[in-house]
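Peer 1: build the 3D model from these lines:
(chains A, B, C and D)
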Number of protein chains: 2
Amino acid sequence: MQLHKRDVIRKATEILDNFGIADLTMRRLARELDVTAGALYWHVANKQELLGAVADEVLRPAVGPVSAEDWRERTVTACIRLRDALLSHTDGAELVSASFASGQSASMPQILNLLTTAAEDAGVPQAQAELAARTIVYYVLGFTVDEQSRLQWDAAGAALPPEQSMLDSPACQPDTFGFGLALLIDGMSVRGSRPMGSPSERRLN
Amino acid sequence: MQLHKRDVIRKATEILDNFGIADLTMRRLARELDVTAGALYWHVANKQELLGAVADEVLRPAVGPVSAEDWRERTVTACIRLRDALLSHTDGAELVSASFASGQSASMPQILNLLTTAAEDAGVPQAQAELAARTIVYYVLGFTVDEQSRLQWDAAGAALPPEQSMLDSPACQPDTFGFGLALLIDGMSVRGSRPMGSPSERRLN
DNA sequence: ACCTGAACACCGTTCAAGT
DNA sequence: ACCTGAACACCGTTCAAGT
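Peer 2: Below you'll find the predicted structure:
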């Protein structure tokens, strides 16, 4: 019977979860859907768009309003949701990073909006609130790409060595994710109370 | 006459600069060096290693000691050098990001070290100083990947529209790069004077 | 030691033609 | 409207064999 776009995305997500982003090719996706590779181009414009759609699938649990009045709590919650979503799929962080960079994810702007509003509530001048939001997103994506590659690497080669393996890498201690996030939040607090032209930013250019 | 590894890297950098990372393929590189593709595998183990070597070539002007006593100044200088190096080559930010993620760049650890020392001088407990350094690197890479893709995009489609084109995107105003950096530096100042277990990081997990 | 030739196992994308 | 068949123009990597 008929193939729909949502079937394409669903099967693509399945391949991602089971085999990773390197195996998520148009030809393989077509094969597993029992169609020709060319058929996919009726449903998606190109591979980038497909990856963007899969990225939005990955991000689905991470979007939606965050009910909390405190801007710090909203920021932290949004970041934790984002990271959790990325870690829920094989190579999820890498996929979303790439789709964010290529502007093919529809969900990232939503998350960015949420963080921008939080930054405004922190007192950051709105001209810079989006910049603060982007800075946070760069952090969460960068951190999680690192973390996930390490997690996946020693989930593959592991199974036997029950020693340390996790606690030696700097991105995997007690609450490493929270540390960088706290750094950013503290920075926003400072920017919130001392809006413009502080010494450290004056010195640039 | 004989082909050396440094010739391979030099030609690869040339292709990167003139045509971008998408055209930097093993086959094309071989063709422009007047050898067979297989010949390259005598000099490099695989494409990842090659890209890592090119990334280190890009980063060459960004490494080396930063002479400044103030940790803020050292941090800012290191970040500006890094960004300038990335912007000096077509797709430089994307290439270095990828090589950093795959652990194939020998220069990134050096830059990380410099930033880690600066964080320690800021008073950040050394257990977290490397995390602060990584957070800064995630920011510079993420920001510059964004910036460069926009710069390259309207350097291509431009040439005629002499209107705004640059000042409308959030990553290209007066000193956007400095803002995110200042955010991180302010955060480090706070962590420096108030070392451990502040409210905002306690709330995670 | 260094390189060629040839193969292996793939890619993304397009498009006339079919139903 | 939706899909096939077939082509176009490529990939990264390996490896026996040559010099």
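Peer 1: just how off-centre is the helix of greatest length in chain A within its chain?
Peer 2: Looking across chain A with DSSP state H, the single longest helix is helix A:126-156. Here the centre of helix A:126-156 is set off from its chain's centre by 7 Å, with CA atoms, centre = their mean, to the nearest Å.
Peer 1: may I see the buried residues of it?
Peer 2: A:128-152 (16 or more other CB atoms under 10 Å in any protein chain shown). Yep, even glycine has a C-beta here, placed from its N, CA and C like the rest.
Peer 1: how about stretch A:26-33?
Peer 2: Across stretch A:26-33, burial judged by 16+ other CB under 10 Å covers A:26, A:29-30, A:33.
Peer 1: just those residues: which are in helices?
Peer 2: Short answer: these in helices (DSSP H) are A:26, A:29-30.
Peer 1: ok, which stretches of chain A are helices?
Peer 2: For chain A, helices defined by DSSP H occupy the ranges A:5-19, A:26-32, A:40-43, A:47-59, A:71-87, A:92-101, A:107-121, A:126-156, A:176-193, A:199-202.
Peer 1: can you list the residues of chain A near DNA strand C?
Peer 2: Within reach of DNA strand C by CB under 7 Å from any atom of the strand, chain A has these residues: A:23, A:25-28, A:37-38, A:41, A:46-48.
Peer 1: now do the longest helix of chain A against helix B:92-101, angle only.
Peer 2: Per axes from the mean of the first three to the mean of the last three CA atoms, to 10 degrees, the angle that helix A:126-156 makes with helix B:92-101 is 40 degrees.
Peer 1: what angle separates helix A:126-156 from helix A:176-193?
Peer 2: Using the same axes, to 10 degrees: helix A:126-156 against helix A:176-193 is 180 degrees.
Peer 1: elements contacting helix A:126-156?
Peer 2: Here helix A:126-156 touches helix A:71-87, helix A:92-101, helix A:107-121, helix A:176-193, helix B:92-101, helix B:126-156, helix B:176-193, going by 3 or more CB pairs under 8 Å, 6 or more residues apart in numbering or on different chains; DSSP states H and E.
Peer 1: the fourth one close to chain B?
Peer 2: Yes: interface with chain B: helix A:176-193 contributes A:176-191 (CB under 8 Å from any CB of the partner chain).
Peer 1: where does A:Asp34 fall, phi/psi-wise?
Peer 2: phi 60, psi 40 (degrees, to the nearest 10).
Peer 1: sorry, back to before: can I get the residues of chain A next to DNA strand C in TSV with pLDDT and distance to DNA strand D?
Peer 2: Shown next, in TSV, are these (pLDDT from 0 to 100; distance: CB to the nearest atom of the strand, whole Å):
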residue	pLDDT	distance to DNA strand D
A:Asp23	98	15
A:Thr25	98	12
A:Met26	98	10
A:Arg27	98	9
A:Arg28	98	14
A:Ala37	98	6
A:Gly38	98	3
A:Tyr41	98	8
A:Asn46	98	14
A:Lys47	98	13
A:Gln48	98	17
